[in-house]
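Chemist: following is a predicted model, sequence given first.
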There are 2 protein chains.
Amino acid sequence: MQMKVIKTVAEMKNFVRAVKKTGKTIGLVPTMGALHKGHLTLMKAAKEKCDIVIASVFVNPTQFGPNEDFAAYPREFESDCAKLESVGVDAVFHPEAAELYPSHYTAYVTVDGDITSKLCGARRPGHFRGVATVVTKLFNITEADHAFFGQKDAQQVVIIKRFVRDLNIDVAVEMVPIVRAENGLALSSRNKYLSVAEKKAALVLSASLKAAKEAYTNGEKNVAVLKSLLTKQIQAEPLADIDYVEVYSFPDLEEIETVKGQAIIALAVRFGKTRLIDNAMIGE
Amino acid sequence: MQMKVIKTVAEMKNFVRAVKKTGKTIGLVPTMGALHKGHLTLMKAAKEKCDIVIASVFVNPTQFGPNEDFAAYPREFESDCAKLESVGVDAVFHPEAAELYPSHYTAYVTVDGDITSKLCGARRPGHFRGVATVVTKLFNITEADHAFFGQKDAQQVVIIKRFVRDLNIDVAVEMVPIVRAENGLALSSRNKYLSVAEKKAALVLSASLKAAKEAYTNGEKNVAVLKSLLTKQIQAEPLADIDYVEVYSFPDLEEIETVKGQAIIALAVRFGKTRLIDNAMIGE
């Protein structure tokens, strides 16, 4: 079956109703396009779990701040479609902004508390309100049974799981492990922005995470010590400019002094104008 | 069939799934209980339009301000059930607060702009966030095809229709006309709070609306003049204390100087400790 390209909500509702009538399950993978192997891993996870897979490709304006890279964000829909078709995606939803945000648009989904006030939530005001809003809309439009998100945006996944629970949305949210290049760099659409030198420098993210995980495995449970190890290693890279280096409990993102239970090491670091994030889980 | 009383989300999902499998449609009537004939009119409208009718009876804590009447709000679940059963409601959803707002609850639906910043939205901060949140939850829990709300809470209906559109929720929202006692008083669960003298004084609400409608029908389109007529008539009642007297375009609730198109006359007036609202539509 050829992949359908769907541009309007009405057309998607028709597609979804036809699928639901057959009793088949729907998997949704929301993306902003500029697809890499990380995204395709999400598509494959969806194919394994669900009968029908819908990918969305939509650069969502409400999750970008006024000084962020909304206009510059890479848009390459044709090559995205070729990639999606190659992994067997059934339909791609690619609406115009005005289709999702019509005139007099005023409703938003907000998530308060520890899980939004820290990390990227603290640095990007309104970002997670935009994410929660567009993901809620996509859940409602596609009536997905399962939805798949990458662990690279771990805070995003925590927030999505929270509002899905709180608003009683009937979808199972799955977090899929980070996909890395052979040299360790976590795949990201924003890697395209990096110069050759910055791309090399960015390896300090995965290298420092690996070193911190090893320190933890060797018995270092003190959060201040782990953060200091990470910070020193990243600061030793001249092109790296730290935004945050944090270790929090997972998934509640609470402050901890010692690693008990599961925790997340989360990094945000600028290389030139490009801000990259990466993370690793420790404990259990 | 005997009416089902359902206390948990899980049990309601089972009920809803069984209904959906048969292809029947679901009508939802959200209430806070203390049911009167206005509510029962909503139930009857739902029965006419839908195969299966679910009523919810839930005094929603998130829509009451800290100085409002949450604790005092009338709760009379047994007599409510008798009334619901008498009009053929199929299931009543009556959860505990902790069932809808579990530990670490942090997600809300917000609606910004003219439609929330005026009238009751201006006087009751957070009220419509609480309404939008609980109604979203009830839509998701019951998977309602149609939902029924009374015109007495006209601003609430406008806000619900807005977030349903904006968040792509698949439910048809119906506004049912105000039900009045023979003497003209709009039915409200809060009428129970009124003393005999206050109840008599409260007739000024419907009387002034009727007079303003007549003035409009006789050619008076000037909003300032209409508001002045209303205000004078209400102020002539010694027990009435005006909260607001407004005329806005409907459903956008925009300021107007002259009535063109459809408009709403909206009143909120205190009688002793009890704040009552009432409204009427003019124009078309």
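Modeler: On my side now, so go ahead. Residues are numbered from 1 along each chain as shown, chains lettered A, B, ... in the order given.
Chemist: show me where chain A has its strands.
Modeler: For chain A, the strands defined by DSSP state E cover A:4-6, A:26-31, A:52-57, A:91-93, A:107-111, A:146-150, A:172-176, A:240-249, A:263-271, A:274-282.
Chemist: could you dump those to JSON lines with distance to chain B, mean neighbour count and mean pLDDT?
Modeler: C-beta: built from backbone N, CA, C; applies to glycine. Shown next, in JSON lines, are these (distance: least, CB to the nearest CB, whole Å; neighbours: other CB atoms under 10 Å in any protein chain shown; pLDDT from 0 to 100):
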{"stretch": "strand A:4-6", "distance to chain B": "14", "mean neighbour count": "17", "mean pLDDT": "98"}
{"stretch": "strand A:26-31", "distance to chain B": "13", "mean neighbour count": "26", "mean pLDDT": "98"}
{"stretch": "strand A:52-57", "distance to chain B": "12", "mean neighbour count": "26", "mean pLDDT": "98"}
{"stretch": "strand A:91-93", "distance to chain B": "12", "mean neighbour count": "24", "mean pLDDT": "98"}
{"stretch": "strand A:107-111", "distance to chain B": "4", "mean neighbour count": "23", "mean pLDDT": "98"}
{"stretch": "strand A:146-150", "distance to chain B": "15", "mean neighbour count": "23", "mean pLDDT": "98"}
{"stretch": "strand A:172-176", "distance to chain B": "13", "mean neighbour count": "18", "mean pLDDT": "98"}
{"stretch": "strand A:240-249", "distance to chain B": "12", "mean neighbour count": "18", "mean pLDDT": "98"}
{"stretch": "strand A:263-271", "distance to chain B": "17", "mean neighbour count": "22", "mean pLDDT": "98"}
{"stretch": "strand A:274-282", "distance to chain B": "20", "mean neighbour count": "20", "mean pLDDT": "97"}
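Chemist: got the residues of the stretch 51-200 of chain A near chain B?
Modeler: Within the stretch 51-200 of chain A, the positions lying close to chain B (CB under 8 Å from any CB of the partner chain) are A:102, A:104-113, A:115-116, A:132-133, A:136-137, A:140-141, A:143, A:162-163, A:165-170.
Chemist: can you list which of these are found in helices?
Modeler: Among those, the members falling in helices (DSSP state H) are A:115-116, A:132-133, A:136-137, A:140-141, A:162-163, A:165-166.
Chemist: and those residues as a markdown table, adding distance to residue A:14, neighbour count and pLDDT?
Modeler: As requested, these are arranged in a markdown table below (distance: CB to CB, whole Å; neighbours: other CB atoms under 10 Å in any protein chain shown; pLDDT from 0 to 100):
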| residue | distance to residue A:14 | neighbour count | pLDDT |
| --- | --- | --- | --- |
| A:115 | 36 | 23 | 94 |
| A:116 | 35 | 24 | 95 |
| A:132 | 26 | 27 | 98 |
| A:133 | 24 | 25 | 98 |
| A:136 | 21 | 27 | 98 |
| A:137 | 17 | 25 | 98 |
| A:140 | 15 | 22 | 98 |
| A:141 | 11 | 25 | 98 |
| A:162 | 31 | 23 | 98 |
| A:163 | 27 | 25 | 98 |
| A:165 | 30 | 15 | 98 |
| A:166 | 30 | 21 | 98 |
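Chemist: just flag the most distant two among those.
Modeler: A:115 and A:141 (24.8 Å; CB to CB).
Chemist: how is chain A divided into domains?
Modeler: A:4-176, A:189-279 (automatic domain parsing).
Chemist: pick the most deeply packed of the ones you listed.
Modeler: domain A:4-176 (a mean of 19; mean count of other CB atoms under 10 Å in any protein chain shown).
Chemist: what about that domain, distance to the chain center?
Modeler: Put simply, domain A:4-176 sits 9 Å off its chain's centre (CA atoms, centre = their mean, to the nearest Å).
Chemist: distance of residue A:34 relative to chain B?
Modeler: 25 Å (CB to the nearest CB, to the nearest Å).
Chemist: kindly report the same for residue A:199.
Modeler: To chain B, residue A:199 is 37 Å away according to CB to the nearest CB.
Chemist: hang on, that residue packs against residue A:188?
Modeler: No. Counting by CB atoms under 8 Å, residue A:199 sits too far from residue A:188 to count as a contact (11.1 Å).
Chemist: can you tell me how far residue A:49 is from residue B:109?
Modeler: 29 Å (CB to CB, to the nearest Å).
Chemist: tell me the contacts of the residue most central in space within chain A?
Modeler: Geometric centre of chain A, nearest residue: residue A:153, 3.6 Å, by CA atoms, centre = their mean. Residues in contact with residue A:153 (CB atoms under 8 Å, 6 or more residues apart in numbering or on different chains) are residue A:277.
Chemist: in the sheet, who's paired with residue A:52?
Modeler: residue A:26 (DSSP bridges).
Chemist: so which of the strands of chain A is nearest residue B:241?
Modeler: Residue B:241 lies closest, by CB to CB, to one member of the strands of chain A: strand A:107-111, at 33.4 Å.
Chemist: which other residues reach that closest one?
Modeler: Residues contacting strand A:107-111 (CB under 8 Å, 6+ apart): A:62, A:128-129, A:132-133, A:136, A:159, A:162-163, A:166-167, B:106-112, B:132, B:162-163, B:165-167.
Chemist: that strand pairs with which strands, parallel or anti?
Modeler: Partners of strand A:107-111 in its sheet, by DSSP bridges: strand B:107-111 (antiparallel).
Chemist: what about dumping the CA coordinates of the partner strand to CSV?
Modeler: The C-alpha atoms that make up strand B:107-111 are tabulated as CSV, following Å, rounded to 0.1, in the frame of the first residue of the first chain:
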residue,chain,number,x,y,z
ALA,B,107,-2.0,19.2,33.9
TYR,B,108,-4.7,21.8,33.0
VAL,B,109,-6.5,23.0,29.9
THR,B,110,-6.5,26.8,29.6
VAL,B,111,-8.4,29.1,27.3
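Chemist: residues contacting the closest residue to residue A:237 other than its chain neighbours?
Modeler: Closest residue to residue A:237 apart from its sequence neighbours, by CB to CB, 6 or more residues apart in numbering or on different chains: residue A:204 at 4.2 Å. Neighbour list for residue A:204: A:233-234, A:236-237, A:240, A:269 [criterion: CB under 8 Å, 6+ apart].
Chemist: how close does residue A:204 get to chain B?
Modeler: From residue A:204 to chain B the distance is 34 Å (CB to the nearest CB).
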